[in-house]
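Engineer: pasting the structure only:
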Ligand code: DGP
């Protein structure tokens, strides 16, 4: 699989500071910020700082430090946002996964009952 990364995507621009974001948490390897079009009371995107276009790209090529740093950011978002009642983590991937932004991001959705995973 050839994971071609386009550094003009909107999240690359956020990482370079070219576009503002509402940061929830940041560490050496990941940035978490609020989704511009929230679909739940809590809707945070966690992205790696490295150039990975998808979850499978990140899982294959990111270093152990990057992967641990990313998951630590997920844990911090869950703690900071108070998701004791539960949450959903979603990684839309490529065409069939209806991924709009080609930089790996994990949606963390919470704050209400999120219903069935898929509607059809
Ligand atoms: P998807 O690639 O389909 O998993 O979803 C991309 C998400 O990114 C979508 O929920 C809306 C969000 N989004 C798109 N552009 C921006 C932006 O400029 N800033 C922020 N914070 N979120 C964005």
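Structural biologist: Happy to help now that I have it. Predicted model, so just to flag it, every value in this text is computed and none were measured.
Engineer: list the helices and strands the lengthiest helix in the chain packs on?
Structural biologist: Ranked by residue count under DSSP state H, the longest helix found in the chain is helix 64-81. Using 3 or more CB pairs under 8 Å, 6 or more residues apart in numbering; DSSP states H and E as the contact test, the elements touching helix 64-81 are strand 23-26, strand 30-34, strand 42-48, helix 55-61, strand 106-110. Every residue, glycine included, has its C-beta placed from N, CA and C.
Engineer: in it, what counts as buried?
Structural biologist: The neighbour-count check on helix 64-81 (16 or more other CB atoms under 10 Å) flags 66, 69, 70, 73, 74, 76, 77, 78, 81 as buried.
Engineer: Strand 106-110 and that one, what's the angle between them?
Structural biologist: Counting by axes from the mean of the first three to the mean of the last three CA atoms, to 10 degrees, helix 64-81 points 20 degrees away from the direction of strand 106-110.
Engineer: ok so, going back, out of the helices and strands packed on helix 64-81, flag the one nearest residue 9.
Structural biologist: Among those, the nearest to residue 9 by CB to CB is strand 42-48 (10.3 Å).
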